[in-house]
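J.: sequence and predicted structure, then a few things I'm wondering about:
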Amino acid sequence: MSTDQVAGTRTEELLALAERYAAHNYHPLPVVIASGEGAWVTDVEGRRYLDMLAAYSALNFGHRHPRLVGAARRQLEQLTLTSRAFHNDTFPVFCRDLARLAGKDMVLTMNTGAEAVETAIKTARRWGYDVKGVAPDRAKIVVADGNFHGRTVTIVGFSDDPSARGGFGPFTPGFESVPYGDVGALRDAIDDDTVAFLVEPIQGEAGVIVPPEGYLRAARELCTERGALLMADEIQSGLGRTGTTFACEHEGVVPDVYILGKALGGGIMPLSAAVADRDVLGVFRPGEHGSTFGGNPLACAIGIEVIDLLREGTYQRRSAELGSWLIEGLRDAALPTVAEVRGRGLWIGIDLVPSAGSARAACERLMGRGILAKDTHQQTVRLAPPLVVERSDLEWALEQVVDVLSTPAG
Ligand SMILES: *Cc1c(COP(=O)(O)O)cnc(C)c1O
């Protein structure tokens, strides 16, 4: 019997198809989602789950937010793609709105987060040669240990995660990694050829790692002093996730380049951007960078609505209030299986003690309770529900999490 004809439930059938026909570059939980609304999803068997991952923050506004779906529907009836060979009537408006939200002059749109990071890297190098006056091919970009900036060959080349980089070399030169949160190491790494420090204000994939207070401010000062660009990868931390529009705001820091993605497309379209002032992003001339789909009318129409939602500040406030409440609740539970609870806003990492079993096993048990969460790095369970989540949903979720983590995996 071929894999296509496996008998049994719809779930088993679809898991078998994925196993047989999809490359095994992910290890998903064995749930097959068929629909979603707000913070909740329903699987093909009709079981409901609270989405506590929110597609790594791409779903900050939940599944199918009515205003975002409305904007997408209207745009679908008008125009979906022009390429950048011509102007369209949503792209300039989106660029203006995003520039204003970020308090910057200009926007360069791409699609995925990795492309926006690549854009920032190219920006920094070109700025380094044209403006700072670095000698040809000498530009250096400093990054932080534990970083996650995407999956291109250049980006995984400066990752220290063996599973991200192993077997994919040779890599792009010109990067130096320093310990995250270590100001002294950063100071030592920045030299005359350094064009940028690329950093996540809070490291997401590393396990929601919040740097020591003052780190981003010190990085800002060092970059200003030494004439290097501070480039904040806010792809996961930005757009409301941590209780502010940008996570850099927690330290009152304004980077030279914001790198955005994920929630920017409202969980509907991939939409990413590098946002900076004219003296930085102005280095590009026609033909030097781009993307066929970057800045397409459909994505931009949704992006305009996303920015509108953020302007009101309600999602940021929800994230701050509900997040503090949830972090406190998890800490107060004082679970013996939990080594540490940390986070900011509705973005929480729970480190399990080694004897508690793997974070993956905990996530599988949570799934059995109707909660979808994702492990990262063996011992960390990450909680990041859509910011539209109801307080009562979180109260229920807290009970489930405490219950599941009260007993070590059997
Ligand atoms: C997800 C993520 C990326 C990569 O975004 P993709 O859209 O998956 O390419 C880059 N940086 C950070 C901090 C991320 O969380």
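T.: On my side now, so go ahead.
J.: going forward, measure contacts and count neighbours with C-alpha atoms only.
T.: OK.
J.: residues touching stretch 359-376, excluding its own?
T.: With contact meaning Cα atoms under 8 Å, 6 or more residues apart in numbering, stretch 359-376 is reached by 29, 47-53, 205-207, 352, 378-384, 397, 400-401, 404-405, 409.
J.: what residues are up against the nearest residue to I304 once chain neighbours are set aside?
T.: Leaving aside its sequence neighbours, I304 sits nearest to F94 (Cα to Cα, 6 or more residues apart in numbering; 5.2 Å). F94 sits next to C300, A301, G303, I304 when contact means Cα under 8 Å, 6+ apart.
J.: list just the nearest of those residues to the ligand.
T.: Distance to the ligand, by Cα to the nearest ligand atom, is smallest for G303 among the contacts of F94, at 14.9 Å.
J.: quick one on the thing from earlier: ChimeraX command to pick out the buried ones of the contacts of stretch 359-376?
T.: The following ChimeraX line selects those of the contacts of stretch 359-376 that are buried, judged by 16 or more other Cα atoms under 10 Å:
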select :48,49,50,51,52,53,205,206,207,352,379,380,381,382,383,384,397,400,401,404,405
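J.: which ones among the contacts of stretch 359-376 are found in helices?
T.: The helices, defined by DSSP state H, take in A397, Q400, V401, V404, L405 from the contacts of stretch 359-376.
J.: return the residues in contact with the nearest residue to I348 once chain neighbours are set aside.
T.: In this structure, I348 finds its nearest non-sequential neighbour in L383, 5.0 Å apart by Cα to Cα, 6+ apart. Counting by Cα under 8 Å, 6+ apart, L383 touches M52, L53, L346, W347, I348, G349, I350, A373, K374.
J.: what about the third one, how many neighbours?
T.: To tie it back to what came earlier, the one meant is L346. 29 (other Cα atoms under 10 Å).
J.: next one: the fifth one
T.: Under the neighbour criterion other Cα under 10 Å, I348 is assigned a count of 26.
J.: thought it was touching R382?
T.: Yes: using Cα atoms under 8 Å, I348 is in contact with R382, at 5.6 Å.
J.: average pLDDT for the longest helix belonging to the chain?
T.: Secondary structure of the chain read by DSSP H shows that its longest helix is helix 314-332. What helix 314-332 shows for mean pLDDT is 98.
J.: now stretch 57-68
T.: On average, stretch 57-68 scores 98.
J.: what's the span of that stretch, first residue to last?
T.: 16 Å (Cα to Cα, to the nearest Å).
J.: for A72, grab phi and psi.
T.: Main-chain torsions, A72, degrees, to the nearest 10: phi -60, psi -50.
J.: contact partners for it?
T.: The contact partners of A72, by Cα under 8 Å, 6+ apart, come to L298, A299, A301, I302.
J.: mind running it again at 6 Å?
T.: Contacts for A72 were tallied using Cα atoms under 6 Å, 6 or more residues apart in numbering; they are I302.
J.: kindly report the same for the one 10 residues further on.
T.: If you count contacts by Cα under 6 Å, 6+ apart, T82 has none.
J.: tell me the secondary structure for it?
T.: coil (DSSP: H, G, I helix; E, B strand; the rest coil).
J.: against G181, how distant is it?
T.: 43 Å.
J.: now R67: which helix or strand?
T.: helix 66-76 (DSSP states H and E).
J.: tell me how far that helix lies from the chain's centre.
T.: Relative to its chain's centre, helix 66-76 lies at 23 Å (Cα atoms, centre = their mean, to the nearest Å).
J.: for stretch 30-46, same thing?
T.: 22 Å.
J.: C-alpha coordinates for it, CSV please?
T.: This file holds the C-alpha atoms of stretch 30-46, laid out as CSV (Å, rounded to 0.1, in the frame of the first residue of the first chain):
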residue,chain,number,x,y,z
PRO,A,30,1.8,16.0,15.4
VAL,A,31,-1.1,18.3,15.0
VAL,A,32,-2.7,19.2,11.7
ILE,A,33,-4.4,22.6,11.8
ALA,A,34,-7.3,23.3,9.5
SER,A,35,-8.7,26.7,10.7
GLY,A,36,-7.9,29.5,13.0
GLU,A,37,-9.5,32.5,14.6
GLY,A,38,-8.0,35.0,17.0
ALA,A,39,-5.7,33.1,19.4
TRP,A,40,-7.4,29.7,18.7
VAL,A,41,-6.9,27.0,16.0
THR,A,42,-8.9,23.9,15.2
ASP,A,43,-7.4,20.7,13.8
VAL,A,44,-8.7,18.4,11.2
GLU,A,45,-10.4,16.3,13.8
GLY,A,46,-12.3,19.3,15.2
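J.: so which bits of that stretch are buried?
T.: Buried residues in stretch 30-46, defined by neighbour count with 16+ other Cα under 10 Å: V31, V32, I33, G36, G38, A39, W40, V41, T42, D43.
J.: could the residues you listed go into JSON lines alongside secondary structure?
T.: Shown next, in JSON lines, are those (three-state DSSP):
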{"residue": "V31", "secondary structure": "coil"}
{"residue": "V32", "secondary structure": "coil"}
{"residue": "I33", "secondary structure": "strand"}
{"residue": "G36", "secondary structure": "strand"}
{"residue": "G38", "secondary structure": "strand"}
{"residue": "A39", "secondary structure": "coil"}
{"residue": "W40", "secondary structure": "strand"}
{"residue": "V41", "secondary structure": "strand"}
{"residue": "T42", "secondary structure": "strand"}
{"residue": "D43", "secondary structure": "strand"}
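J.: what's the closest non-adjacent residue to the residue in the stretch 201-350 of the chain that the ligand sits nearest to?
T.: Closest residue of the stretch 201-350 of the chain to the ligand, Cα to the nearest ligand atom: Q236 (4.2 Å). Ranked by Cα to Cα, 6+ apart and with sequence neighbours excluded, the top spatial neighbour of Q236 is S57, at 5.7 Å.
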